[in-house]
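1. Fold the following.
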Amino acid sequence: MIEYIKYIKKLLYQNIKTNTGNTIIKGTSSAFTIQILGYLLLFLLNLVLTRILTTQQYGNYIFVWNWIRILSIFGSFGMVVTFTKYISIYSNNEEYGNLKGLILRGHQIVAISSIIIFLLLKFLINTSIININKNLEQTFTIGLIGLIFFTQCSVVAGGLQGQKKILKSKLLGNVLHPLIIIILVLSTNFLLGIKLNATKVMFINLISTIFGLIIGFYWFIKFLKLKNIINIPPIFITKTWIKSSFYFMLLTGVYILMKRIDIIMVGSLIDTIEAGIYNISVKVTIFTTIVFTSISAILTPIVAELYSQKQYAKLQKILSISTVVASIFIVVISFFVFNWGDLVLQIFGKDYTQGFHILQILIVGQILNALTGYGGELLKMSGKHRPALIFVIISLIINALLNYLLINIYGAIGAAISTTISLLLLKILFWIYSIKVLKIDPSIISLVNKY
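-> Residues are numbered from 1 along each chain as shown. Presented below is the predicted three-dimensional model:
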C-alpha cells in the first residue's frame with residue numbers, strides 16, 4: 001500500500017503540474033490515515049456495544065440507527081453536497097452575499113426538512129400505522145430527535161469540505177462521533193455503573209452528535225472569515241440551491257439505501273436480533289475492503305483531474321494498477337477472514353458466530369467488487385452522474401426484490417446472497433459502460449488483456 005501511494009505521488013509530480021495535483025499529494029497520507037482510523041473506531045464501537053448490550057438490545061439499536069442514517073439523507077435534503085460545491089465556488093469568486101445566503105437558507109431548509117420527518121414519523125408511530133414495540137419506540141423517538149442535529153452536523157461537514165478543510169470534515173464524522181460514543185458508553189457503564197440498553201445508547205449517540213455539531217460549527221466559523229460576510233446582506237438563490245440539492249439527495253439516498261437495505265429488511269422481515277448479528281458480519285467484511293476504499297478516496301480526485309485533461313492513457317494505467325493493488329490486498333485478507341472469520345466474530349460474543357456463513361458470502365461479493373475495479377468512481381468523476389444513478393436504482397430495486405424473496409426462504413443468509421448478486425450486477429453495469437462509452441477498462445481484465 002505504501003509503495004502504491006509513492007507510485008501515485010510520483011505520477012502526480014510528473015504529470016499533474018497543477019494546484020489540484022499539489023492538493024492531492026498533500027492530502028493523500030491524511031485521507032488514508034483518517035480512513036483507517038475511522039474503520040478502527042467503528043470496529044471498536046461495535047465491539048464495545050456487543051459486549052455491553054444484550055443481543056436483542058444491540059439489534060434494536062442497530063436497526064433504529066440504520067433507519068436514522070437513511071432518513072438523514074432526506075432530512076439534509078442534499079444540502080451536504082450543495083454546501084461542498086457552492087461554498088467553494090462562492091469563496092473563490094468572493095461572492096460573499098451568495099455565500100451568506102446559502103449558509104442561512106441551507107440550514108433553514110435542513111431544519112424544516114428534518115423536523116417534518118420527525119413529526120411525520122412520530123405521528124405514524126403514535127397512531128400505530130407503524131407498529132413497533134414500546135422499547136423500540138423509545139429508541140426511535142430519541143433517534144428522531146438526534147436526526148435534527150445529525151443532519152445539521154452533516155451539512156457543517158459539507159461546508160468544511162467546501163472550504164477545503166478535508167481533514168476537519170472527515171474528523172468530524174469518521175472519528176469524533178464514534179470516539180465520543182465509545183468514551184461515554186464506557187464511562188456510563190463502568191464508572192457510573194448504569195446498565196445500558198438500546199434507548200440509553202441512542203441517547204448517548206444524541207449527546208455525541210450535539211457535541212460534534214458544536215465543534216463543527218466552531219471550525220466552520222473559524223475558517224469562514226466572518227469579517228468578509230458579516231456586514232454584507234445575504235443573497236438568496238433558493239430555487240437553484242433546492243434544485244441542485246434535490247438531485248444530490250436522490251443520488252446520495254439511493255447509494256445509502258443500497259448499502260443499508262439488507263440490514264433494514266432483515267430487521268423487518270425476521271427480527272432485530274438477526275439484524276444485529278447480520279450487522280456485525282457486515283462490519284467484519286468492511287475490514288477486508290479497507291485498502292480498496294482507501295485507494296478510492298485517493299483515486300477520486302486523480303480521476304477527475306486526468307479525465308478533465310484528457311490524459312486517458314495515464315488514467316487507464318492508474319486505474320489498472322489501483323485495481324490490481326486493491327485486489328491483491330482484498331484477496332489476501334479475505335482468505336484469512338473466509339477461513340477463520342468465526343474466531344473474529346467470537347470476539348463480539350458467542351451469538352454473533354451464527355453470522356459466519358453470512359460473512360463468507362459477503363466476502364465473495366467484495367472480492368468480485370474489487371476485481372471489477374473503480375468503475376463507479378470513473379463514471380462520477382467523468383460527469384456521468386445520470387447513468388450512474390440509473391444503474392444504482394436498477395441494482396437497488398433488484399436488491400430489494402431479492403431480499404424480500406430470499407430472506408423469506410433462507411433467512412439472513414438470503415440477504416447476504418441478494419446483496420452479493422446486486423452489488424456484482426452494479427459493478428458489471430459500471431464496467432460495461434466504462435468500456436463502451438468512456439473507452440476505459442477499470443477492471444483487472446485490462447491488465448490481463450495487456451499481457
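2. center of this protein, which residue is that?
-> Per C-alpha atoms, centre = their mean, the C-alpha nearest to the average position across the chain is that of residue 256, at 7.0 Å.
3. Assess the claim that that one and residue 69 are in contact.
-> Yes: in this structure, residue 256 is within contact of residue 69 by C-beta atoms under 8 Å, at 6.6 Å. (Glycine included, C-beta is placed from N, CA and C.)
4. any common contacting residues for the two?
-> Taking C-beta atoms under 8 Å, 6 or more residues apart in numbering as the criterion, residue 256 and residue 69 do not both touch any residue.
5. Can you tell me the closest non-neighbouring residue to the residue nearest to the centre of the chain?
-> In space, and not counting its chain neighbours, residue 256 is closest to residue 73: 5.3 Å by C-beta to C-beta, 6 or more residues apart in numbering.
6. How about residue 80?
-> Take residue 80 and drop its neighbours on the chain: the residue closest to it by C-beta to C-beta, 6+ apart is residue 158, 3.7 Å away.
7. residues near that neighbour, how many?
-> By other C-beta atoms under 10 Å, the residues close to residue 158 number 26.
8. got a list of what it touches?
-> Counted by C-beta under 8 Å, 6+ apart, residue 158 has contacts 79, 80, 81, 82, 83, 84, 87, 169.
9. any idea which helix or strand comes after the helix or strand hosting the residue nearest to the centre of the chain?
-> In this assignment (DSSP states H and E), residue 256 forms part of helix 238-269. The first helix or strand that comes after helix 238-269 along the chain, using DSSP H and E, is helix 272-288.
10. can you give me the strands in the stretch 51-200 of the chain?
-> Counting by DSSP state E, counting those that start in this stretch, the stretch 51-200 of the chain has no strands to list.
11. which sections of it are below the confidence cut-off?
-> For the stretch 51-200 of the chain, no stretch has pLDDT under 70.
12. try 90
-> 66, 69-70, 73-74, 76-104, 122-138, 154, 157-175, 190-194 (pLDDT under 90).
13. Could you do the stretch 301-450 of the chain as well?
-> Along the stretch 301-450 of the chain, segments meeting pLDDT under 90 span 301-329, 333, 337, 340-342, 344, 347-352, 369-370, 373-390, 392-393, 437-450.
14. Can you tell me the SS state at the residue of the chain most remote from its centre?
-> The C-alpha centroid of the chain is most remote from residue 231, which lies 37.2 Å away (C-alpha atoms, centre = their mean). Here residue 231 is coil, with the state taken from DSSP: H, G, I helix; E, B strand; the rest coil.
15. phi, psi of it?
-> Phi and psi for residue 231, reported as degrees, to the nearest 10, are phi -100, psi 10.
16. List the contacts of it.
-> No contacts exist for residue 231 under C-beta under 8 Å, 6+ apart.
17. With residue 333 instead?
-> Contacts for residue 333 (C-beta under 8 Å, 6+ apart) come out as 287, 288, 290, 291.
18. I figured the second one was touching residue 363, is that so?
-> It refers to residue 288. Yes: here residue 288 reaches residue 363: they are 6.0 Å apart, a contact under C-beta under 8 Å.
19. residues shared between the contacts of the two?
-> Contact criterion C-beta under 8 Å, 6+ apart; residues shared by residue 288 and residue 363: 334, 337.
20. Now do the residue nearest to residue 256 against residue 60, distance only.
-> 22 Å (C-beta to C-beta, to the nearest Å).
21. Comparing the two, which residue is more hemmed in?
-> residue 60 (30 against 22).
22. so what's that one up against?
-> For residue 60, the contacting residues are 135, 136, 139, 197, 198, 272, 276, by C-beta under 8 Å, 6+ apart.
23. Could you rerun that using 6 Å?
-> The neighbours of residue 60, taking C-beta atoms under 6 Å, 6 or more residues apart in numbering as the test, are 136, 139, 198, 272.
24. okay, among those, which ones form the most distant pair?
-> 139 and 272 (9.9 Å; C-beta to C-beta).
25. Show the pLDDT at residue 228.
-> The model reports residue 228 with a pLDDT of 67.
26. Now do residue 362 against residue 143, distance only.
-> According to C-beta to C-beta, residue 362 stands 26 Å off from residue 143.
27. State the number of residues packed around residue 116.
-> By other C-beta under 10 Å, the residues close to residue 116 number 12.
28. can you give me the helices for the stretch 251-400 of the chain?
-> In the stretch 251-400 of the chain, the segments counted as helices under DSSP state H, counting those that start in this stretch are 272-288, 290-308, 312-346, 356-371, 375-381, 385-410.
29. Just give me the neighbour total for the nearest residue to residue 251 once chain neighbours are set aside.
-> By the measure of C-beta to C-beta, 6+ apart, the closest residue to residue 251 outside its immediate chain neighbours is residue 389, 5.3 Å from it. Neighbour count for residue 389, taken as other C-beta under 10 Å: 17.
30. got the contact list for residue 102?
-> By C-beta under 6 Å, 6+ apart, the neighbours of residue 102 are residue 86.
31. Next one: the closest residue to residue 430 other than its chain neighbours from residue 393, what distance?
-> Among residues not flanking residue 430 along the chain, residue 375 sits closest, at 3.0 Å (C-beta to C-beta, 6+ apart). Separation of residue 375 from residue 393 (C-beta to C-beta): 16 Å.
32. which of those two has more neighbours?
-> More neighbours surround residue 375 than the other of residue 375 and residue 393, with 27 against 15 (other C-beta under 10 Å).
33. what's near enough to touch that one?
-> Neighbours of residue 375 in contact, by C-beta under 6 Å, 6+ apart: 430, 431, 434, 442.
34. Dump these to JSON lines, plus distance to residue 150, secondary structure and neighbour count.
-> Formatted as JSON lines, these follow (distance: C-beta to C-beta, whole Å; DSSP: H, G, I helix; E, B strand; the rest coil; neighbours: other C-beta atoms under 10 Å):
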{"residue": "430", "distance to residue 150": "30", "secondary structure": "helix", "neighbour count": "27"}
{"residue": "431", "distance to residue 150": "35", "secondary structure": "helix", "neighbour count": "21"}
{"residue": "434", "distance to residue 150": "35", "secondary structure": "helix", "neighbour count": "25"}
{"residue": "442", "distance to residue 150": "33", "secondary structure": "coil", "neighbour count": "28"}
